[in-house]
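Engineer: Could you work out the structure for the sequence below:
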Amino acid sequence: MNRYLAIDLGAESGRGVLVTLDAGIVGMEEIHRFPNRPVRLAGTLYWDFPFLFAEIIATLKQCAERQITLDAIGVDTWGVDFGLLGADDKLLSCPVHYRDGRTDNIHDYSDAVMSRREIFTATSCEPWAISSLFQLLAMQRDGSPILGAAKTFLNVPDLINFFLTGVKASEKTIVSTANLMDTKGNWARDVIERFKLPGIFGKLVEPGTVLGPLSDSLREQTGLGAVPVVATCGHDTSAVAAAVPAEGDNWAFLSCGTWSILGELLDEPVTTAAAYEQGCCNEYTLDAWFICRNILGLWLVQELRRKWDTSGDAWDYNRMTAEAARAESIGMFNVEDGSLMAPADMEQAQLDLLESLGQPKPASRGQLIRCVLESLSLEYAHRLRLIDGLTAQKTDTLYMVGGGIANTLLCQLTANALGLPVYAGADQCTALGNALTVAAGMGALGGPDEIRQVMRNSFELKLYAPQEPGLWAGKLDQYSQLKSSSRR
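Structural biologist: Below you'll find the predicted structure:
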């Protein structure tokens, strides 16, 4: 049996997960969970990096106290954010949170040097204002002394790996979120030089690269031995893509949670004008690229629950799904409408949007939930059709992963909207993709195909066959027309 520790940091919490691999079957146990609370100091929003690292040390200590023999450790986090080291390899500042306002209006500064379209062509990554590149440019624009003193740039998982091992390396999946890596997997030198960024970018490594053992200091602090640390798929979405339990060719995946991420694996990124205009992003994963589209997901339902759920009238997700399943279908709305991004009252925002579109008013909460879920499923189908057009691939199967697969109604509606079989299973793909990429790096698995086989061996996949194809083809056409009219 092999034992791997996956350190998985999300925007709201972090955890250490013990992942075991035994005879082609994977198991997992959460060792330690901790909050991730950003801190605002003097008007800047920071990640509390010392606290996060202390909790990682606490996780390692628990493994030592339980006498768990670890074969290796991997770290994944959210994308884009980074730390800068000085000449003495000391951290110059806690990483700034991507929601901090320092990148407000940054494109007014950057567009004069290099257009967003050029940046997308060079890096294949959507030029979001929050990406590492634009955060660095905000520091440059504002004359940051921290940028002037910096000698090394490391995205957050690479920063953690450095403090675990003393080895400085930039892993490609996390750098692919930064607008700093080119389409061949090298630093995007044209972008870096055009913007006159300093020489702070070091060695790039593939996911699965063994960096080295825990440092002497960490061994002393934790009680663990010389456990190898592997640069796994450092970006959480890339870890998901590595662990989708898919089989064959021509499949797509949907990571379904608060946000939904719809993607297809590729040999090379797609940087066409159409890909840029559709808001697609290309990211790197284990031995492949994938094109993806972020879609507002079950947050549309979560916010309804937050409003409705009271001590006197409980509205949990089981009740919400059951009410929606019993309700009659009444209409649809564009789930990407700007009014739904951060409304004070999600229910009222959805009702107002339906009214503005001339759609029927829901007669019950169940009808509103069903409308949300049908609209989500139609958005997935609409986007998959567009992505297929970009990649010249005809998807024949969708694999749904993530916590959203617990909503069986959404899974069925998605199959209906796509007119394709949908397999749902494996709600913990991030930690598993992290650990199984580590296993591949350590030689216990041969690569992506073996990882996907392990996932299929370990988790039951539920098949959702499409129903009422004629009805849903009409709904999809109506939804696409609605999207088109809203753009006009």
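
Engineer: Give the next helix or strand downstream of the host helix or strand of Leu5.
Structural biologist: Assigned by DSSP states H and E, Leu5 belongs to strand 2-9. As assigned by DSSP H and E, the chain's next helix or strand after strand 2-9 is strand 13-22.

Engineer: so what does that next one touch, helix or strand wise?
Structural biologist: strand 2-9, strand 25-35, helix 49-65, helix 429-441 (3 or more C-beta pairs under 8 Å, 6 or more residues apart in numbering; DSSP states H and E). For every residue, glycine as well, the C-beta is placed using N, CA and C.

Engineer: CA atoms only for the strand holding Leu5, dumped as CSV, please.
Structural biologist: Output of strand 2-9 as CSV, limited to C-alpha atoms (Å, rounded to 0.1, in the frame of the first residue of the first chain):
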residue,chain,number,x,y,z
ASN,A,2,1.2,3.5,-0.9
ARG,A,3,0.2,6.5,1.2
TYR,A,4,0.2,10.0,-0.1
LEU,A,5,-0.7,13.3,1.7
ALA,A,6,-2.6,15.7,-0.5
ILE,A,7,-2.6,19.3,0.8
ASP,A,8,-5.6,20.9,-0.8
LEU,A,9,-6.1,24.6,-0.2
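
Engineer: Please work out the average pLDDT along it.
Structural biologist: Average pLDDT, strand 2-9: 98.

Engineer: related to what we said a few turns ago, just name the most buried of the helices and strands packed on strand 13-22.
Structural biologist: helix 429-441 (a mean of 29; mean count of other C-beta atoms under 10 Å).

Engineer: Which helix or strand lies directly C-terminal to that one?
Structural biologist: helix 448-458.

Engineer: And that following helix, what's buried?
Structural biologist: By 16 or more other C-beta atoms under 10 Å, the buried positions in helix 448-458 come out as 448, 451-452, 454-456, 458.

Engineer: Show residues contacting the helix or strand following it.
Structural biologist: As assigned by DSSP H and E, the chain's next helix or strand after helix 448-458 is strand 462-464. The contact list for strand 462-464 (C-beta atoms under 8 Å, 6 or more residues apart in numbering) reads 408, 411-412, 414-415, 421-425.

Engineer: Can you flag which of the residues you listed belong to helices?
Structural biologist: 408, 411-412, 414-415 (DSSP state H).

Engineer: Just the buried residues from those residues, in PyMOL please.
Structural biologist: Per 16+ other C-beta under 10 Å, the buried members of the ones in helices among the contacts of strand 462-464 correspond to this PyMOL selection:
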select buried, resi 411+412+414+415
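
Engineer: Which strand residues bridge Ala6?
Structural biologist: Val17, Gly74 (DSSP bridges).

Engineer: which residues does the nearest residue to Pro343 once chain neighbours are set aside contact?
Structural biologist: Among residues not flanking Pro343 along the chain, Ala349 sits closest, at 3.7 Å (C-beta to C-beta, 6 or more residues apart in numbering). Ala349 makes contacts with 339-340, 343, as judged by C-beta under 8 Å, 6+ apart.

Engineer: State whether Ala349 is indeed within a helix.
Structural biologist: Yes. With DSSP: H, G, I helix; E, B strand; the rest coil as the criterion, Ala349 is part of a helix.

Engineer: Check the gap between it and Met320 for me.
Structural biologist: 17 Å (C-beta to C-beta, to the nearest Å).

Engineer: for Ser215, same thing?
Structural biologist: Relative to Met320, and taking C-beta to C-beta, Ser215 is found at 48 Å.

Engineer: wait, is Phe265 part of a strand?
Structural biologist: Let me fix one detail, which is that residue 265 is Leu and not Phe. Yes. Under three-state DSSP, Leu265 falls within a strand.

Engineer: That one pairs with what?
Structural biologist: Beta-bridge partners of Leu265, as defined by DSSP bridges: Phe290.

Engineer: Any idea how many residues pack against it?
Structural biologist: 21 (other C-beta atoms under 10 Å).

Engineer: Show the low-confidence segments of this protein, by residue range.
Structural biologist: Filtered on pLDDT under 70, the chain yields the residue ranges 487-488.

Engineer: Quick check, Ile451 in contact with Asn434.
Structural biologist: No. In this structure, Ile451 is not within contact of Asn434 by C-beta atoms under 8 Å, at 11.1 Å.

Engineer: In contact with Gln428, which residues are there?
Structural biologist: 17, 28.

Engineer: same question, Ala381
Structural biologist: Contacts of Ala381 (C-beta under 8 Å, 6+ apart): 414, 417-419, 476, 479.

Engineer: Alright, that wraps it up for me.
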